[in-house]
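Chemist: Here is the input, now give the coordinates:
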Amino acid sequence: MSRTAAEIATQPACWHRAAEAAASFAGLPQPGERVAVTGCGTSWFMAIAYAALREAAGQGETDAFASSEFPAGRTYDRVVAITRSGTTTEVLDLLGELKGKVPTVALTADPKTPVMDAADAVAVLDWADEESVVQTRFATTALAFLRAGLGDIPGVKPVAEAAADAELAVTEPLPESVVAAEQWTFLGRGWTYGLALEAALKMREAAGAWTESYPAMEYRHGPISITGPGRVTWMFGTLPEGLAADVARVGGELVARESDPLADLIRAQRLAVALAESRGYDPDNPRNLTRSVILS
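Modeler: Have a look, this model is predicted:
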């Protein structure tokens, strides 16, 4: 078993621990604050998901930006940064620019890195750290931590229930037709759009796969043209009315489950590993990637 596959399987336990940790962490955004969430790559996609969840919870305006694209002219009450390594250049540069101007909180997996001094408060999720270059459990655990800190969210399960769904997601066989497909399009709405972006990235990183990702209602406005026999459309969360018929009409295969969308992301992670191995790639060491991007 690859390290990535082994780390994927630990996510249900990590989410339970994240929910417990969030309950005692004092640095999370408070209701009513205007908040920005930031990160790079996978962390940015988790930021997108959290921003939508926080607004759905009615806790205040929340934006998400790639750290390199953070709008310096905007005013926020708090900025949340997600960085597994704690060394990502764009995140550290941004936190340095914000120091003394706005309270910042960082989520990281490594307490021996510069982010510990760069942010005003740090949640260390070191028990969710990874050996694999490809992020899986840290990213979902960071989102589970932030999600648990929001309390009740209309239409969204508590993290404990999501973890129960994840127990099935780590063991349930993947459909052979989905593994054998030649192309995959991932869709989401609201907070699950961030998950769709992440699923597509994971497939590209680990397996060099042809994947795309869109807001579900935008799929009909052009992207559906790529769907056809031997190609998959994968929806995270509630399926929009009429979408199943549209996918069937063009001959594609639809994947849509009732389980928690974050648990469903585990299935996409497992698909990425399975596809990588079938193509002779090493999912632990993807081509052209390193654990952290540190710019000179």
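Chemist: Just the helices from this protein, written as ranges.
Modeler: For the chain, helices defined by DSSP state H occupy the ranges 3-8, 11-23, 42-56, 89-98, 115-118, 137-148, 159-169, 176-179, 192-207, 243-249, 261-278.
Chemist: so of those helices, which one's packed in deepest?
Modeler: helix 137-148 (a mean of 28; mean count of other C-beta atoms under 10 Å). Bear in mind the C-beta positions are built from the backbone N, C-alpha and C, glycine included.
Chemist: quick one on the thing from earlier: so which of the helices of the chain is nearest Gly228?
Modeler: helix 243-249 (9.9 Å; C-beta to C-beta).
Chemist: packing partners for that closest one?
Modeler: Applying 3 or more C-beta pairs under 8 Å, 6 or more residues apart in numbering; DSSP states H and E, one finds that helix 243-249 contacts strand 231-236, strand 253-256.
Chemist: To Leu195, which of those lies closest?
Modeler: From the helices and strands packed on helix 243-249, taking C-beta to C-beta, the stretch that ends up closest is strand 231-236, at 4.7 Å.
Chemist: quick one: which of the helices of the chain is nearest Arg220?
Modeler: helix 243-249 (6.4 Å).
Chemist: before we move on, the earlier item: for the helices of the chain, which one sits closest to Ser68?
Modeler: helix 89-98 (4.6 Å).
Chemist: ok now that closest one, how far from the chain's centre?
Modeler: Counting by C-alpha atoms, centre = their mean, to the nearest Å, helix 89-98 is centred 21 Å from the centre of its parent chain.
Chemist: any residues touching that helix, and which ones?
Modeler: With contact meaning C-beta atoms under 8 Å, 6 or more residues apart in numbering, helix 89-98 is reached by 38-40, 43, 66-68, 70, 72, 79, 81, 83, 104, 106, 114-115, 118-119, 293-295.
Chemist: just the buried members of the residues you listed?
Modeler: Among these, those buried by neighbour count (16 or more other C-beta atoms under 10 Å) are 38-40, 43, 66-67, 70, 79, 81, 83, 104, 106, 114-115, 118-119.
Chemist: which one of the helices and strands packed on helix 243-249 has the most crowded surroundings?
Modeler: Taking mean count of other C-beta under 10 Å, strand 231-236 is the most buried of those, at a mean of 25.
Chemist: elements contacting that one?
Modeler: strand 183-188, helix 192-207, helix 243-249, strand 253-256, helix 261-278.
Chemist: can you rerun that using 7 Å?
Modeler: Contacts defined by 3 or more C-beta pairs under 7 Å, 6 or more residues apart in numbering; DSSP states H and E place strand 231-236 against strand 183-188, helix 192-207, strand 253-256, helix 261-278.
Chemist: before we move on, back to that, dump the helices of the chain to TSV, plus mean pLDDT and distance to Ser225.
Modeler: Formatted as TSV, those follow (pLDDT from 0 to 100; distance: least, C-beta to C-beta, whole Å):
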stretch	mean pLDDT	distance to Ser225
helix 3-8	94	32
helix 11-23	97	34
helix 42-56	98	24
helix 89-98	97	34
helix 115-118	97	42
helix 137-148	98	30
helix 159-169	97	30
helix 176-179	96	21
helix 192-207	96	17
helix 243-249	97	11
helix 261-278	96	22
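Chemist: okay, those helices in JSON lines with distance to Gly228 next?
Modeler: Formatted as JSON lines, the helices of the chain follow (distance: least, C-beta to C-beta, whole Å):
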{"stretch": "helix 3-8", "distance to Gly228": "30"}
{"stretch": "helix 11-23", "distance to Gly228": "33"}
{"stretch": "helix 42-56", "distance to Gly228": "27"}
{"stretch": "helix 89-98", "distance to Gly228": "38"}
{"stretch": "helix 115-118", "distance to Gly228": "45"}
{"stretch": "helix 137-148", "distance to Gly228": "31"}
{"stretch": "helix 159-169", "distance to Gly228": "27"}
{"stretch": "helix 176-179", "distance to Gly228": "14"}
{"stretch": "helix 192-207", "distance to Gly228": "18"}
{"stretch": "helix 243-249", "distance to Gly228": "10"}
{"stretch": "helix 261-278", "distance to Gly228": "19"}
